[in-house]
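> With the input below, show me the fold.
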Amino acid sequence: MSRRAAPGLKAFARRIGRRRKRRPLCCQRRSPFAGATAHRVRRARAPGLGGSMTFSSVKSAAALALWLTAAPLMAQEATDAATANADTVIATVNGAAVTLGDLIAVRGDLPAQYQQLPDQALYDGIRQQLTDQTLLKQAAEAAGLDADPQVARAVAIQRQGLLAEFYMRREVEARITDDALRATYDARVTAAAPIPEVRASHILVAEEEKARDLRAQIDAGADFADLAIEHGTDGTKTQGGDLGYFTREMMVPEFSDAAFAMEVGAVSQPVKSQFGWHLIKLTDKRDQPRPTFEDSRAELEQALGSEIVQQVMTELRDGATVETPEDRPGLGAIRNDALIGR
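Here you go, the predicted model:
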């Protein structure tokens, strides 16, 4: 029924062609921990001691013991970090060296979730992968596969793809400067027209008659938030029906049209939507705050990077001689794997 409001530059998604995800209108925005209370620290009797000690002091003692145990390993890691280089040998496979540089290259291309693993787990896992690959490579060479035309073609295609990827990556990194980012920020954010947004509360019920009865109670002096808590049927009831700030396109048209036409402090007549009947109370109107440059940096880099990729390709195409016959030679044979020995 509504779209999820996103922080920072995402709030200007419409202006730069980004699509927002939708979220339920009735979703609850409060933290699930909003009602949590602090737990008192229980005290535990320490066996064999005359007094008592808190759990926090027990944890402190355990942490100290763990630090004393780990200190030699930490010292070794610090020494390794100071003396290691890309040619440091981490394994040998039938006399062939596997290096730290190889491991770091593989680690750098892992998905983000694997980057969160402990260093030792990453090290051991990647080293095992590299040693296994080296064994397989040696076996393939012993079998003469390195001279196989099919293998040579696959290797050449892989090499072409890697060279293209590294070239583009370096071009993007070189062209994303602070000046370029600030120019993008000015064009996409500073110069963008203000985006109106409102803040509203609502009471959602299933029947029009119920909505009209609640409207009459409000006219008679009943508190809107109290009625939302008592009669609302969505997750916002625990917040007195508060929906927070939203832009027009974030809600279904019936709801937005009513909310944006209201004056601050007014309560609507019942509004029908696909979700039921709403009473809407408008609590504020404003222009959406613009994200700062620093808050927008990550998204600016992504947007500018996409533009640079297109620029690089345009420059290369314009400076090259590329011939693509219109009759598409070989079109009828593109599924004939036997042509390349498969």
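> CA atoms for contacts and neighbours, from now on please.
Will do.
> what stretches of the stretch 51-200 of the chain score poorly on pLDDT?
Along the stretch 51-200 of the chain, the parts satisfying pLDDT under 70 run over 51-79.
> Please, where are all the helices along it?
Counting by DSSP state H, counting those that start in this stretch, one finds helices in the stretch 51-200 of the chain at the ranges 55-83, 100-108, 112-115, 119-142, 149-175, 178-185.
> which helices and strands does the fourth one pack with?
Here helix 119-142 is seen to pack against strand 89-93, helix 100-108 when contacts are counted using 3 or more C-alpha pairs under 8 Å, 6 or more residues apart in numbering; DSSP states H and E.
> Next, format the ones you listed as TSV and append mean neighbour count.
Converted to TSV, those look like this (neighbours: other C-alpha atoms under 10 Å):
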stretch	mean neighbour count
strand 89-93	14
helix 100-108	15
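> nearest to residue 132, of those?
In terms of C-alpha to C-alpha, the element of those nearest to residue 132 is strand 89-93, at 8.9 Å.
> For the closest one, which strands pair with it and how are they oriented?
Using DSSP bridges, the strands paired with strand 89-93 are strand 96-99 (antiparallel).
> and stretch 204-216, average pLDDT?
Mean pLDDT, stretch 204-216: 97.
> outside of it, which residues touch it?
Stretch 204-216 is contacted by residues 227-228, 231-234, 269-270, 275-279 when judged by C-alpha atoms under 8 Å, 6 or more residues apart in numbering.
> swap the cut-off to 7 Å and go again
Contacting residues not belonging to stretch 204-216 are listed as 232-234, 270, 276-279 [C-alpha atoms under 7 Å, 6 or more residues apart in numbering].
> Can you list the buried residues in it?
204-205, 211-212, 214-215 (16 or more other C-alpha atoms under 10 Å).
> Determine the longest strand present in this structure.
The residue-count maximum for a strand in the chain (DSSP state E) belongs to strand 276-287.
> and it, average pLDDT?
Across strand 276-287, pLDDT averages out at 98.
> Give me the nearest residue to residue 230, chain neighbours excluded.
residue 237 (7.5 Å; C-alpha to C-alpha, 6 or more residues apart in numbering).
> same thing with residue 263?
Closest to residue 263 by C-alpha to C-alpha, 6+ apart is residue 282, at 6.7 Å.
> didn't that neighbour look like it was pressed against residue 265?
Yes. With contact defined as C-alpha atoms under 7 Å, residue 282 counts as touching residue 265 (5.4 Å).
> Just want to know which of those two has more residues nearby.
residue 282 (22 against 12; other C-alpha atoms under 10 Å).
> Torsion angles phi and psi at the residue nearest to residue 230?
Phi and psi for residue 237, reported as degrees, to the nearest 10, are phi -60, psi -40.
> swap in the one 10 residues further on?
Comment: the main-chain dihedrals of residue 247 come out as phi -90, psi 170, following degrees, to the nearest 10.
> Next one, pLDDT for it please.
On the pLDDT scale, residue 247 is placed at 97.
> picking that back up, what would the helices and strands packed on helix 119-142 look like in JSON lines with distance to residue 241?
Output for these, formatted as JSON lines (distance: least, C-alpha to C-alpha, whole Å):
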{"stretch": "strand 89-93", "distance to residue 241": "61"}
{"stretch": "helix 100-108", "distance to residue 241": "47"}
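> of all the ones you listed, which lies closest to residue 135?
Closest to residue 135 of those is strand 89-93 (C-alpha to C-alpha; 6.9 Å).
> Show me what counts as buried in stretch 81-98.
Within stretch 81-98, the residues that count as buried by 16+ other C-alpha under 10 Å are 91, 97-98.
> Which member of those is positioned nearest residue 164?
With C-alpha to C-alpha as the yardstick, the closest approach to residue 164 among these comes from residue 98, at 25.4 Å.
> Give the bridge partners for the residue nearest to residue 284 when sequence neighbours are not counted, please.
The spatially closest residue to residue 284, leaving aside those adjacent along the chain, is residue 199, at 5.0 Å (C-alpha to C-alpha, 6+ apart). According to DSSP bridges, the partner residues bridging residue 199 are residue 245, residue 284.
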